[in-house]
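In: Sequence and predicted structure are below.
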Amino acid sequence: MLSIKNLHASVEGEEILKGINLEIKAGEVHAIMGPNGSGKSTLSQVLAGNETFEVTQGEISLNGENLLDLETEERAREGIFLAFQYPVEIPGVSNLQFLRTAVNAMRTHRGEPEMNAAEFMKLAKEVSKQVDLDPAFLKRGVNEGFSGGEKKRNEILQALLLQPKLAILDETDSGLDIDALQVVSKGVNALRAEDRAILMVTHYQRLLNHIVPDHVHVLAGGRIVKSGGRELALELEERGYGWLGVKDEEATPSAAS
Amino acid sequence: MATTDKEVNELIKREYEHGFVTDIEADTFEPGLNEDVIARLSAIKKEPEWMLEWRLKAYRRWLEMDEPDWAHVGYPKIDYNSISYYSAPKRKEDMPQSLDEVDPELLKTYEKLGIPLHEREKLAGVAVDAVFDSVSVATTFKEPLAKAGVIFCSISEAIQDYPELVKKYLGSVVPAGDNFFAGLNSAVFSDGTFVYVPKGVRCPMELSTYFRINAANTGQFERTLIIAEDSSYVSYLEGCTAPMRDENQLHAAVVELVALDDAQIKYSTVQNWYPGDENGKGGIFNFVTKRGAAIGKNSKISWTQVETGSAVTWKYPSCVLRGDNSVGEFYSVALTNNFQQADTGTKMIHLGKNTSSTIISKGISAGKSSNAYRGLVKFGPGAEGARNYTQCDSLLIGDRCGAHTFPYIESKNKSAIVEHEATTSKVSDEQMFLCRQRGIDPEQAVSMIVNGFCKEVFKELPMEFAVEAGKLLEVSLEGSVG
């Protein structure tokens, strides 16, 4: 489904990604782990088409289509979804209006009729239950005054509504307490499907106890330095990144789980 | 997204929708201003002697006055003798008695502007006074309003038919000597709307005036007077458009509101005068004095304005809160783009006990425009327990525009309470990225973000117009993606 070949990307002239190769098949869940500053978030942003980052070399394709030729919104309509690490607020724009605009943009792209306000309200209420969000949130401004956990749940709510082909979750577990982590994980597991791939970017392995990945990759210094199965994440928890020759400036991973 | 500022600037290129000219025969004065011109104007309107005297007194006073230069705007000096002070579509001797007698060309014009003057059509719940250049061409729903006791007519008619009311209130809120533009207006005002709501009456429908400038080289001098007697209520809305021309045109209006005991006046404006082209050529100079006197106890005056047009806007709808417990409100959205300049805000003058006022101002600047909020909150010695809340938010789109805030507070009463909040923000790259990542077009994203920013003001508009106002911003922000 997603194929990344020799991807190089830089920001303000500084190269962050230095040749990433990654293949993700439909139905798979991949986890990308790595210390801070390794390029994890950059990879998510580049996949989604953030123009702050310049792709200098390499290829990204989704089901054979070259993503690098597409604008951010076109990639989204092709099925790329990014759950943000720090979801931004849009004051005065209700969540409901924002979500319906997004859903209808996708539907229009697929040649389906737009959903009217009443239809969408019904759908949105149902889906918000899946992530334990009070439907009252739908009427509030986008992320306006939301707690960290509410913002993350709101991101998963959006993924559930938009039904992407590839969901990229950028540090979705950061800043969550154990209860919120469970709710978010439940939402992500509900996303798992035969025809959908999930790419989780995380610093800590604790998320992977709840959402079990098929593949784990270690990103360091802008390159994937090791790939393996679920057990690789456990090993990282046990031994840190040091044994891979990678420096981790943050606390040891096990301290946070 | 490093390129976003440029892109966003592309997005806000606007097409002005109402820039057409109606081809209609008109009686137009030669340019120039003197006492003879004023006498001729007054004669055409068949005004009584006292009205002419009033105008001439204002004119003589105006000659002594200086054009204000304190606003944060710049424009070439206006030659007041190069403007024509009267232009009206040719018509039969008398005012049309019914809509059937109105020139079809005029009806078509309003149709095109989305303001059908047929009473059964789109705006079925709204009575309209249509002012075309210097005259009112039609007023709808006069009869059902008269049944409720509400007078809704052009100010010219009111001078003829209700001289006592006009004499009593005209100039009582904005005297001729108030400021340069108000002085000029008092001398040469042509038409506008008169509303009188009697004691205890809740006006059964929205009232509105649609101002259209059509003739070239003419000034439009609107004069509106609204009086709400004890325990009455009225909601009034004005809209404005003009053709696209390379020359600047002057619109100098005076609006006076009077609210007696327990009365409420809600006054809304959707101002969409031609803003000039993307190089700053042409457009309307909108120099306007609007003021409401909350004379009665527990009275309330509420201004809501959505200002998207004009090359230069100089406008401060204000409230004089004289009655005890009276309330003043000002809700404003001012959007400037290209080379537009706006210096707008309000004055809340607290004189009575326990008077309260709220100011919510939303300024949106794009292109190379300049957008200033200027506000005065004043508490007189008798304003025991008075309070004001002010919130001024500025939103910048792109990096070549300016936003300025000039709040003034004067207090002669120690018990008065003032709260002031101000923010400046940008349509951020992150917000744009979030919207686009969710599949939303950049154009739609900007429009959604700007509409969200204005929400607190839009909700104050009458239902029929809140949607219109949102669309107007969309049109103003529409354009091709670069």
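Out: Happy to help now that I have it.

In: hey, let's count contacts and neighbours off CA atoms from now on
Out: Noted.

In: where does the chain dip in pLDDT?
Out: I'll assume chain A. A:247-257 (pLDDT under 70).

In: that answer is for a different chain, and I need it for chain B
Out: For chain B (pLDDT under 70), the answer is B:1-14, B:91-101, B:115-116, B:118-125, B:464, B:467-468, B:471-482.

In: mind listing the helices for the chain?
Out: All of this is about chain A. Listed in chain order, the helices of chain A (DSSP state H) span A:40-48, A:72-78, A:95-109, A:117-130, A:148-162, A:178-191, A:207-210, A:230-239.

In: um, chain B though
Out: Using DSSP H, helices in chain B cover B:4-11, B:35-44, B:49-63, B:104-112, B:142-147, B:155-161, B:163-169, B:180-188, B:429-437, B:442-453, B:455-458, B:463-477.

In: Chain B is nearest to which of the helices of chain A?
Out: helix A:72-78 (4.3 Å; CA to the nearest CA).

In: that older thread, can you put the helices of chain B in JSON lines and add mean neighbour count and distance to chain A?
Out: Putting the helices of chain B into JSON lines (neighbours: other CA atoms under 10 Å in any protein chain shown; distance: least, CA to the nearest CA, whole Å) gives the following:
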{"stretch": "helix B:4-11", "mean neighbour count": "19", "distance to chain A": "9"}
{"stretch": "helix B:35-44", "mean neighbour count": "16", "distance to chain A": "49"}
{"stretch": "helix B:49-63", "mean neighbour count": "17", "distance to chain A": "45"}
{"stretch": "helix B:104-112", "mean neighbour count": "15", "distance to chain A": "29"}
{"stretch": "helix B:142-147", "mean neighbour count": "13", "distance to chain A": "36"}
{"stretch": "helix B:155-161", "mean neighbour count": "19", "distance to chain A": "40"}
{"stretch": "helix B:163-169", "mean neighbour count": "14", "distance to chain A": "40"}
{"stretch": "helix B:180-188", "mean neighbour count": "26", "distance to chain A": "37"}
{"stretch": "helix B:429-437", "mean neighbour count": "22", "distance to chain A": "5"}
{"stretch": "helix B:442-453", "mean neighbour count": "22", "distance to chain A": "4"}
{"stretch": "helix B:455-458", "mean neighbour count": "20", "distance to chain A": "6"}
{"stretch": "helix B:463-477", "mean neighbour count": "18", "distance to chain A": "13"}
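
In: List just the one of these that sits closest to B:Glu256.
Out: helix B:163-169 (8.5 Å; CA to CA).

In: I would like the residues contacting stretch B:457-464, please.
Out: B:Ser268, B:Thr304, B:Tyr331, B:Ser332, B:Val333, B:Ile360, B:Lys362, B:Ala466, B:Ala469, B:Gly470 (CA atoms under 8 Å, 6 or more residues apart in numbering or on different chains).

In: Kindly apply the preceding question to stretch B:34-43 instead.
Out: Looking at what lies outside stretch B:34-43 - CA under 8 Å, 6+ apart - the contacts are B:Met51, B:Leu52, B:Arg55, B:Leu56, B:Tyr59, B:Tyr85, B:Tyr86, B:Ala187, B:Val188, B:Ser190.

In: From the chain's centroid, how far away is it?
Out: Stretch B:34-43 sits 26 Å away from the centroid of its parent chain (CA atoms, centre = their mean, to the nearest Å).

In: how about that stretch as CSV, C-alpha atoms only?
Out: Provided in CSV are the C-alpha atoms of stretch B:34-43 (Å, rounded to 0.1, in the frame of the first residue of the first chain):
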residue,chain,number,x,y,z
ASN,B,34,-22.6,76.9,-2.1
GLU,B,35,-25.8,78.3,-0.5
ASP,B,36,-27.6,78.3,-3.8
VAL,B,37,-27.0,74.6,-4.3
ILE,B,38,-28.4,73.9,-0.9
ALA,B,39,-31.4,76.1,-1.6
ARG,B,40,-32.0,74.2,-4.9
LEU,B,41,-31.7,70.8,-3.2
SER,B,42,-34.1,71.9,-0.5
ALA,B,43,-36.5,73.3,-3.2
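
In: B:Tyr80 reaches B:Glu67, doesn't it?
Out: No: assessed by CA atoms under 8 Å, B:Tyr80 is found out of contact with B:Glu67, at 11.2 Å.

In: Get me the contact residues on the stretch 51-200 of chain A for chain B.
Out: A:51-53, A:72-77, A:81-82, A:87-94, A:101-102, A:105-106 (CA under 8 Å from any CA of the partner chain).

In: neighbour-wise, which of B:Tyr80 and B:Glu67 wins?
Out: Legend: neighbour count by other CA atoms under 10 Å in any protein chain shown for B:Tyr80 and B:Glu67, higher for B:Tyr80 (14 against 11).

In: could you check the distance from the more buried one over to chain A?
Out: For B:Tyr80, the distance to chain A equals 44 Å [CA to the nearest CA, to the nearest Å].

In: ok, B:Phe180 touching B:Pro68?
Out: Yes: assessed by CA under 8 Å, B:Phe180 is found in contact with B:Pro68 at 7.0 Å.

In: State the distance from the residue sitting nearest the centre point of chain A to chain B.
Out: Central residue of chain A (CA atoms, centre = their mean): A:Leu169, 1.8 Å from the mean position. A:Leu169 is 13 Å from chain B, where distance means CA to the nearest CA.

In: In contact with that residue, which residues?
Out: Taking CA under 8 Å, 6+ apart as the test, what A:Leu169 contacts is A:Leu82, A:Ala83, A:Phe84, A:Gln85, A:Ile198, A:Leu199, A:Met200, A:Val201.

In: Run through the residues that contact the fourth one.
Out: Residues in contact with A:Gln85, defined by CA under 8 Å, 6+ apart, are A:Lys152, A:Leu169, A:Asp170, A:Glu171, A:Thr172, A:Ser174.

In: Kindly indicate the member of those residues with the most neighbours.
Out: Counting by other CA under 10 Å, top hit in the contacts of A:Gln85: A:Lys152 with 29 neighbours.

In: That one touches A:Thr172, doesn't it?
Out: Yes: in this structure, A:Lys152 is within contact of A:Thr172 by CA under 8 Å, at 6.3 Å.

In: Which neighbours do those two have in common?
Out: By the contact definition CA under 8 Å, 6+ apart, A:Lys152 and A:Thr172 are jointly contacted by A:Ala83, A:Phe84, A:Gln85.

In: Format the residues you listed as a markdown table; extra columns: distance to B:Lys168.
Out: As requested, the shared contacts of A:Lys152 and A:Thr172 are exported to a markdown table (distance: CA to CA, whole Å):
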| residue | distance to B:Lys168 |
| --- | --- |
| A:Ala83 | 65 |
| A:Phe84 | 64 |
| A:Gln85 | 65 |
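
In: tell me which of the residues you listed is nearest to chain B?
Out: For the shared contacts of A:Lys152 and A:Thr172, the nearest to chain B is A:Phe84 (8.4 Å; CA to the nearest CA).

In: chain center to stretch B:335-349: distance?
Out: On CA atoms, centre = their mean, the centre of stretch B:335-349 falls 12 Å from that of its chain.

In: How far does it stretch from one end to the other?
Out: Its first and final residues considered, stretch B:335-349 spans 26 Å by CA to CA, to the nearest Å.

In: Who's the closest spatial neighbour of B:Cys203, skipping the chain neighbours?
Out: Distance criterion CA to CA, 6 or more residues apart in numbering or on different chains; nearest residue to B:Cys203, sequence neighbours excluded, is B:Val234 at 5.2 Å.

In: Mind listing the residues bridging to that neighbour?
Out: When bridges are called by DSSP bridges, B:Val234 pairs up with B:Ile265.

In: So what's the residue count around it?
Out: Using other CA under 10 Å, B:Val234 has 23 neighbouring residues.

In: what about the residue nearest to B:Val126 when sequence neighbours are not counted, distance to chain A?
Out: Closest residue in space to B:Val126, ignoring its immediate chain neighbours: B:Glu206 at 4.8 Å, by CA to CA, 6+ apart. As judged by CA to the nearest CA, B:Glu206 and chain A stand 27 Å apart.

In: what's near enough to touch B:Glu206?
Out: Contacts of B:Glu206 by CA under 8 Å, 6+ apart are B:Gly125, B:Val126, B:Ala127, B:Val234, B:Ser235, B:Tyr236, B:Leu237.
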